[in-house]
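**Q** Sequence and predicted structure, then a few things I'm wondering about:
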Amino acid sequence: MRERTVADRRVGNAFGRLWAASISSNLADGLGRTAIPLIATTLTRDPLLISAVTAMAFVPWLLFGLPAGLLIDRVDRRVAMASANGLRVLMALVVAVSITTGTLTIWLLYACILIWGMGETIFDTATNAVVPGAVPTSGLERANGRIQGAQLVVDTFIGTPISGIMFAAAIALPVWSTAAGFAVSAALVLLLPATLARAVTDDAPARTAHTGMRRVVHDAGESLAFLAHHRLLRGLLVLTTLTGAMLAFGQASEFLFFLDTMAVRPALLGFVMAAIGAGALLGALSASRLVGRFGRAKVMWAATLLAGITLAMIGLAPNLPLAIVSYALSAFCVSTWNVPWSALRQQLIPGAMLGRTIGFMRSVTWGAIPVATVLGGFVARLDLRAPFWIGGAGVVIVVLVGTPLLLSIDRRADGG
């Protein structure tokens, strides 16, 4: 009994350090997520060019998601996470200096966001891969809920409102602060225990038989073969990709929608986003209890369906309060989906290939987001409300078609 207590304490300490590093990184994300689009609006008011700002943040998932996963499974994950946030510090400094010197252009901003996103692919993939080593399997839902809940608190309720205020005071101020947050996170991840540094593997002889590029090809092929033969994960990957694309399409014009259609002042935009984030936070904190009561299948099905309905309601809202409430409900549903979806992947994917398999899955799901976002930007040129209607309807159609798959999750989770 005493040995179990010591082991549990070590697990708790490891997760606590990971949680602290995630909080600091997400605070920096919150500052940047509001500041960067606001900075873009000082350079252009074209909805298409503004939507491209969001699209650029997701392009790296399309190009580098799988390579990032392969990297995470082969190197010290702590060093990879620290280096990734170090890269994001550098890009934030470039943007801040360019603003200060008056040399920032929309194209330079795109380039910095693209490289910034490369760091995000590594940090986020590594975080997902480290969690199963920091908590027992039975605690995955709770651990993912805590990480997502903390992310929403510091990102939405602290970083986002403060960023809007900072932007009103000095355009570059939130970007300088973003750089500081990523720097602190980079230092914190290096304090994680050595046991979380690498993937635990039971196929050492097979892996040592491959070196260099042959090993990279072998590792990638191993993950792709696993997904190809796992019917549940394969089906959910397709469904999640389509749903995510529809959500991204709908949200392509969100900043201009609030600034122009709803006449929100830039300094107050962060508070609007914080109100929306309240729904997402409630979803993250309640997801594990909902799953415990109703099961993953029913929770994931209902969350996806309601996310589409409430997304469409945003575009139909006649005033700002109703638009915020609708958006908060949609955020609640998306957040409720994310917790069991993360836990399901961590449970079903072998630890030795977790990083690269999640990296590939995010390459597919998040790789579709920039395309959908740009298409939403085209539609927003005609009407800033229209992307919400179309995206919401698309989500509803996808979930109705995918209902048999979603409702089979609990039954098929063990069979693959």
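**A** Nice, thanks for sending it over.

**Q** List the residues that contact the nearest residue to L191 once chain neighbours are set aside.
**A** For L191, ignoring the flanking residues on the chain, the nearest one in space by C-beta to C-beta, 6 or more residues apart in numbering is R17 at 5.6 Å. From N, CA and C alone the C-beta is placed, and that goes for glycine too. R17 makes contact with L188, L191, L192, P193 under the criterion C-beta atoms under 8 Å, 6 or more residues apart in numbering.

**Q** Let me see the ranges of the helices in the stretch 201-350 of the chain.
**A** Per DSSP state H, counting those that start in this stretch, the stretch 201-350 of the chain carries helices over the ranges 204-208, 212-229, 231-250, 254-256, 266-294, 296-316, 320-348.

**Q** Of all the ones you listed, which one is nearest V135?
**A** helix 320-348 (9.5 Å; C-beta to C-beta).

**Q** got the phi/psi numbers for D73?
**A** Listed backbone geometry of D73 is phi -80, psi 0, with angles given as degrees, to the nearest 10.

**Q** Could you check how far it is from I358?
**A** Going from D73 to I358 by C-beta to C-beta, to the nearest Å gives 10 Å.

**Q** can you list residues touching both of the two?
**A** Listed contacts common to D73 and I358 are A129; contacts here mean C-beta under 8 Å, 6+ apart.

**Q** The residue nearest to L191 in helix, strand or coil?
**A** The three-state assignment at R17 reads helix, by DSSP: H, G, I helix; E, B strand; the rest coil.

**Q** Check it and give its pLDDT.
**A** The per-residue pLDDT reported for R17 equals 79.

**Q** What separation do you get for it and T127?
**A** R17 sits 12 Å away from T127, taking C-beta to C-beta as the criterion.

**Q** Over to A248?
**A** For A248, the distance to T127 under the criterion C-beta to C-beta works out to 21 Å.

**Q** again with V395
**A** Remark: distance between V395 and T127 (C-beta to C-beta) = 26 Å.

**Q** Among those two, which residue is more densely surrounded?
**A** Neighbour count, other C-beta atoms under 10 Å: between V395 and T127, V395 has more, with 30 against 21.

**Q** That one touches L306, doesn't it?
**A** No - using C-beta atoms under 8 Å as the test, V395 is too far from L306 to be in contact (9.5 Å).

**Q** Rank the helices and strands of the protein by mean pLDDT and give me the bottom one.
**A** Taking all helices and strands of the chain together, the one with the lowest average confidence (mean pLDDT, DSSP states H and E) is helix 204-208, at a mean of 45.

**Q** Contacts only, for the spatially most central residue of the chain.
**A** Centrality entry for the chain: nearest residue to the mean C-alpha point is D124, 7.5 Å, by C-alpha atoms, centre = their mean. Shown in contact with D124 (C-beta under 8 Å, 6+ apart): R362.

**Q** ditto for G394
**A** Contacts were defined as C-beta under 8 Å, 6+ apart; by that measure G394 touches L242, A245, M246, F249, G250, G308.

**Q** For the fifth one, give me its contacts.
**A** So that's G250. With contact taken as C-beta under 8 Å, 6+ apart, G250 is in contact with L311, A312, I314, G315, G376, P387, F388, I390, G391, G392, G394, V395.

**Q** ok, 7 Å please
**A** For G250, the contact set (C-beta atoms under 7 Å, 6 or more residues apart in numbering) comprises L311, G376, P387, F388, I390, G391, G392.

**Q** again with the second one
**A** Each residue near A245 by C-beta under 7 Å, 6+ apart is listed here: A368, I369, A372.

**Q** who wins for neighbours among these?
**A** In terms of neighbours by other C-beta under 10 Å, the contacts of A245 top out with A372 at 26 neighbours.

**Q** show me the contacts for it.
**A** The neighbourhood of A372, defined by C-beta under 7 Å, 6+ apart, consists of A245, A248, F249.

**Q** which of those lies closest to T101?
**A** Here the nearest of the contacts of A372 to T101, counting by C-beta to C-beta, is A248; it sits at 33.1 Å.

**Q** burial of I39, as a residue count?
**A** The number of residues packed near I39 is 22, by other C-beta under 10 Å.

**Q** If you could redo that for H218, that was the one I meant.
**A** The criterion is other C-beta under 10 Å. On that basis, H218 has 15 neighbouring residues.

**Q** show me the contacts for the nearest residue to L290 once chain neighbours are set aside.
**A** Leaving aside its chain neighbours, L290 sits nearest to V299 (4.9 Å; criterion: C-beta to C-beta, 6+ apart). Applying C-beta under 7 Å, 6+ apart, we find V299 in contact with L290, V291, T336, P340.

**Q** can you check F123 too?
**A** Residues touching F123, when contacts are defined by C-beta under 7 Å, 6+ apart, comprise S25, M81, A84, N85.

**Q** Repeat the analysis, applying 10 Å as the threshold.
**A** Applying C-beta atoms under 10 Å, 6 or more residues apart in numbering to F123 gives the contacts 21-22, 25, 29, 68, 72, 80-85, 87-88, 182, 185-186, 189.

**Q** Please, which helix or strand holds it?
**A** Assigned by DSSP states H and E, F123 belongs to helix 106-134.

**Q** Give me the angle between the helix or strand that comes right after that helix and helix 296-316.
**A** Towards the C-terminus, the helix or strand next in line after helix 106-134, according to DSSP H and E, is helix 140-152. Following axes from the mean of the first three to the mean of the last three C-alpha atoms, to 10 degrees, one obtains 20 degrees for the angle between helix 140-152 and helix 296-316.

**Q** Residues touching the helix or strand that helix 140-152 is followed by, excluding its own?
**A** On the C-terminal side of helix 140-152, the nearest following helix or strand under DSSP H and E is helix 160-169. Residues from elsewhere that reach helix 160-169, judged by C-beta under 10 Å, 6+ apart: 27, 29-36, 38-39, 42, 152, 154-155, 159, 172-178, 264-277.
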